[in-house]
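**Student:** let's see this in three dimensions:
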Amino acid sequence: MSKEVKSLIIQEMQGRLGDCRDLLVANVSKIDGVATNKFRLALREKGITILALKNSLAKVVLEKNGVKDLGDVLEGPSALIWGAEDIVALAKEMTRWTKQIPLLELKGGAVDGQPINAAGVVKLSKSPSRLELIARILGQLLSPGANLAGALKGPGGKLAGQLKAMAEKEGEAAA
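**Tutor:** Okay, the predicted model is just below:
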């Protein structure tokens, strides 16, 4: 392959990856054609892209995107996988697929440009997603206010109840 062709392929792959620095690498070479098609279609429906690319070209493209050297993750048959809501959602989806297709092998990936191995992908799949973390943070931020409102409402509610009871007693006494 000539240098000009390689540079065109690298530019095309950079265009497809965009500024993506969160991705996974898997070996899909052992999967049969029917399973591969189902797998790829299901991923595409969820906004996940999978691309088999020569490792040397993948290394160049990833380095230009700011992904540090993935080491032995890009050895042997490799496919780059990126997309989904965030890297945690991607890791969850891919670990789910490894259970459905035992021949699918997760090799590792990159999170914000930093390399992770296959065990790191499994750990990542068990962590909360971005939206879950945001919900937890918001809950923790709002809980002091809710506690304060409850503390203020409690005595006020008791006072209102006592005033209502006194008013009812006066109403009964007058009748």
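
**Student:** list the buried residues in the strand ranked longest in the chain.
**Tutor:** In the chain, with assignment by DSSP state E, the single longest strand is strand 105-111. Across strand 105-111, burial judged by 16 or more other Cβ atoms under 10 Å covers 105, 106, 107, 108, 109, 110, 111. For every residue, glycine as well, the C-beta is placed using N, CA and C.

**Student:** on contacts alone, who are the packing partners of that strand?
**Tutor:** In this structure, strand 105-111 makes packing contacts with strand 23-27, helix 87-100, strand 114-117, helix 118-125, judged by 3 or more Cβ pairs under 8 Å, 6 or more residues apart in numbering; DSSP states H and E.

**Student:** turn these into a markdown table, columns for distance to residue 167, mean pLDDT and mean neighbour count.
**Tutor:** Below are the helices and strands packed on strand 105-111 laid out as a markdown table (distance: least, Cβ to Cβ, whole Å; pLDDT from 0 to 100; neighbours: other Cβ atoms under 10 Å):
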| stretch | distance to residue 167 | mean pLDDT | mean neighbour count |
| --- | --- | --- | --- |
| strand 23-27 | 68 | 92 | 24 |
| helix 87-100 | 57 | 92 | 19 |
| strand 114-117 | 68 | 90 | 17 |
| helix 118-125 | 61 | 90 | 17 |
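
**Student:** which one of these lies nearest to residue 150?
**Tutor:** Residue 150 lies closest to helix 87-100 among those, at 33.4 Å (Cβ to Cβ).

**Student:** how about residues contacting that closest one?
**Tutor:** 22-24, 26, 39, 42-43, 46, 48, 81-84, 104-106, 109, 111, 121-122, 124-125, 127-130 (Cβ atoms under 8 Å, 6 or more residues apart in numbering).
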